[in-house]
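# sequence plus predicted model, see below.
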Amino acid sequence: MRLGVVTLFPEMFTALSAWGVSGRAIKQELVTLGFFNPREFAFDKHHTVDDKPFGGGPGMLMKTEPLIAAIHAAKKSLISDSDNKKAKVAYLSPQGKPIDHSVIMELVDRDSMVLVCGRYQGIDERVIEHEIDEEWSIGSFVLSGGELAAMALIDAMIRFKPGALGDDDSANQDSYSNGLLHCPEYTRPQEFNESKVPSVLLSGDHKAIKNWRIKQSLIATLRKRPDLIDEKNLNQEEKTLLKECIDESRS
Ligand SMILES: C[S@@+](CC[C@H](N)C(=O)[O-])C[C@H]1O[C@@H](n2cnc3c(N)ncnc32)[C@H](O)[C@@H]1O
């Protein structure tokens, strides 16, 4: 996957490229990042990248011409000679469609994308109309810039790239992958603050462990995110175990 990131602060992305799972994946080129800084496309003496909003009001907007030039350069860099397919341009925005697990699964299959990180009070509406194909939000709150949102998106996608995790199956067992939250997990010591690891996990009985995990996953989801249970089409095994959980909680 090739990503062209339009940002005034490319250095921020070392938080992804220098550390952990994402750092290894980027070194292995499972995902490649190219940076396009509007400042390098601002040709006045001071390389100005902000401008006042028409109509007045607090704050500044990203200056239009350098931003558009950076977006075009990012798009151009992603067109491959073989298929000439144009990459979609996504603007990270608090007004965008919320990113969730299903969005990540959709985006991770793409070959390339341009990610536009806003700063200041954002970008000119006409840039959105003419240059942006989609707007994505990481939540109903406002960050100072799109970089952290872009990094969250890239990190979440990387986890589903084959070879990124020690065990490729691990991401598929995480919360949301099957519509439920992940079950509780335990590691050593077996006893901690007088609290013991559930004995079934030490039993070696694989069927019992599997059932316990599904049940715990259902319980965690019911307690923390009951809205997910409503949405999910439970399979027969999950329905039976959910009924058992509810019966047990009543007795
Ligand atoms: C201070 S915000 C601008 C907010 C804008 N004036 C508004 O109220 O909609 C600056 C930039 O941060 C990014 N941003 C802020 N919150 C975000 C969110 N929840 N998800 C994705 N990007 C966000 C966007 O790129 C935005 O252009």
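Happy to help now that I have it.
# T7 reaches C117, doesn't it?
Yes: under the criterion of Cβ atoms under 8 Å, T7 makes contact with C117 at 4.3 Å. C-beta here means a position set from N, CA and C on the backbone, and glycine is covered the same way.
# what do the two both touch?
By Cβ atoms under 8 Å, 6 or more residues apart in numbering, T7 and C117 have these common neighbours: 145-147, 150.
# restricted to helices, list the residues you listed.
Among the shared contacts of T7 and C117, DSSP state H puts 147, 150 in helices.
# where neighbours are concerned, which of the shared contacts of T7 and C117 has the most?
Within the shared contacts of T7 and C117, most neighbours by other Cβ atoms under 10 Å means G146, with 29 neighbours.
# relative to the ligand, how far out is it?
To the ligand, G146 is 3 Å away according to Cβ to the nearest ligand atom, to the nearest Å.
# now swap in G179 and tell me
G179 sits 24 Å away from the ligand, taking Cβ to the nearest ligand atom as the criterion.
# for N193, same thing?
38 Å.
# are we agreed that W136 is in a strand?
Yes: assessed by DSSP: H, G, I helix; E, B strand; the rest coil, W136 belongs to a strand.
# okay, it: pLDDT?
Looking at W136, its pLDDT reads 98.
# now do C245
According to the prediction, C245 has pLDDT 84.
# picking up where we left off before, of the shared contacts of T7 and C117, closest to I123?
Set against I123, the nearest of the shared contacts of T7 and C117 by Cβ to Cβ is G146 (9.5 Å).
# ok, now which ones touch that closest one?
7, 91-93, 115-119.
# so what's S175 up against?
181-182.
# confirm it sits in a helix?
No: S175: not assigned to a helix; according to three-state DSSP it is coil.
# against I209, how distant is it?
To I209, S175 is 19 Å away according to Cβ to Cβ, to the nearest Å.
# with P94 instead?
42 Å.
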